[in-house]
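[1] what would the 3D arrangement of this be:
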Amino acid sequence: MPLDPVAYLPYKDPDDFIREVTDRIWVDRDIAYIVDNYEPDSIVHTSLGTVVGRDGVIEGSTIRMASTPGHIGQAEDVVWEARGDDTFLSSHLVFSADEHLVDGRSVRIRKRTVANCLYRRGRMVEEWVVRDELADCLQRGLDPAEAARELTFQGYSGSMLDEPPQDVLLNGVSGPRPDEFRPECEMVLEFIDEVWTRRRLHRVKDFMERDLFLHTIGDRTVIRPERYQSDLLAMVGPFPDARFAVRDIQTNHSPRYGGLRVAVLWTMHGSYRGVPAFGPLTGRPVTVLGVSQFLILEGRIVKEVRVYDEISLRAQINATREDGSQVEANIY
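    The predicted structure follows:
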């Protein structure tokens, strides 16, 4: 079923809609446009918890812009897919390469953000947003552990508390999907289950090209299957019982972005009782919200861009020790 233009007007398609609306708010600094763009009862899930209501988005955006006045982001990819005839889900990968003044000196900061946005008739109804705040900390010369102590994990509500969809190829948390590019989607889901969750690391080569690229947190790029395996072990090592759940998936084929991409909204659930990478072990469970965008060529993964927030993860661990901040800082 073709998408009704009411979903993205006055722009030419959802890709154009997402890029232009984001620029209007975050580059032109038209914060008031959020009133026209978001439903009053919109819900936003972030790495620090859930924001309910448009006013929280307006306040959070104001704080974030004020704290980084020189920030400008640009669309690196937009993976969008219809959800019915007047609704679409977009996975907007934003890349920024800013210069900020830190202790009187100019510092270049490269980082990525992904916003998965559910728009109905041109209005935001639900959003899942993750930022690579580790990259920001490292490039500013800040201690990630100290940065995390300034944050408060406020917890999730709404759909984030629901069980993952039983068949995400038919229904994600955003609703029924068109079930396009099923073989490629099935391959990506099998990859996540086999390699990420079951730790059959030797199977990386069954799904990914030898000359693979992984762009991941901390503004790091990983190449080749062996280094991909090592990076994954570093990610799950602190959480040896880690399991990954796919909450949504969407596909889009566009020459502009290199062909077929499969975007996956995932959560990692595990207990901090493994490698003590984030201070003393707690044995307590954590939930990590993340997005990965996979570029597929001839049925194999050639690139993954993975974004999640390690600083917020540290804050969540701190909360289980009761040694985190007691101030409810901006979570948008």
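[2] and the next helix or strand past the helix or strand where Gly60 lies?
    Using DSSP states H and E, Gly60 sits within helix 54-67. Downstream of helix 54-67, the next assigned helix or strand under DSSP H and E is strand 73-82.
[3] list the buried residues for that following strand?
    Going by neighbour count (16 or more other Cβ atoms under 10 Å), the buried part of strand 73-82 is Gly73, Ala75, Glu76, Asp77, Val78, Val79, Trp80, Glu81, Ala82. Just so you know, the C-beta spots here come from the backbone N, C-alpha and C atoms, and that holds for glycine as well.
[4] and what of stretch 57-74?
    Buried positions in stretch 57-74, judged by neighbour count with 16+ other Cβ under 10 Å: Val57, Ile58, Gly60, Ser61, His71, Gly73.
[5] list the beta-bridge partners for Thr267.
    Going by DSSP bridges, Thr267 is paired in beta bridges with Ala245, Leu289.
[6] domain assignment for the chain?
    Domains of the chain are assigned by automatic domain parsing as 5-158, 164-321.
[7] mind putting those in a markdown table, mean pLDDT included?
    Below are these laid out as a markdown table (pLDDT from 0 to 100):
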| stretch | mean pLDDT |
| --- | --- |
| domain 5-158 | 94 |
| domain 164-321 | 97 |
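[8] tell me who's in contact with Arg24.
    Residues near Arg24 by Cβ atoms under 8 Å, 6 or more residues apart in numbering: Asp30, Tyr33.
[9] so which strand or helix has it?
    helix 14-26.
[10] pull out the buried residues from that helix.
    For helix 14-26, by 16+ other Cβ under 10 Å, it's Pro14, Asp15, Phe17, Ile18, Arg19, Val21, Thr22, Arg24, Ile25, Trp26.
[11] what's the following helix or strand after it?
    Once helix 14-26 ends, the next helix or strand along the chain (criterion: DSSP H and E) is helix 33-37.
[12] and the two most separated of the buried residues of stretch 57-74?
    Pairwise distances across the buried residues of stretch 57-74 (Cβ to Cβ) peak at 18.3 Å, for the pair Ile58 and Gly73.
[13] hang on, the earlier thing: farthest pair within the buried residues of helix 14-26?
    Spanning the widest gap among the buried residues of helix 14-26 are Pro14 and Trp26, at 17.7 Å by Cβ to Cβ.
[14] would you turn the buried residues of strand 73-82 into TSV with distance to Leu313?
    Output for the buried residues of strand 73-82, formatted as TSV (distance: Cβ to Cβ, whole Å):
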residue	distance to Leu313
Gly73	22
Ala75	26
Glu76	23
Asp77	24
Val78	26
Val79	24
Trp80	28
Glu81	28
Ala82	33
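[15] assign the closest residue to Pro240 other than its chain neighbours to helix, strand or coil.
    Excluding its sequence neighbours, the residue lying closest to Pro240 (Cβ to Cβ, 6 or more residues apart in numbering) is Gly274, at 4.1 Å. Put simply, Gly274 is coil when judged by DSSP: H, G, I helix; E, B strand; the rest coil.
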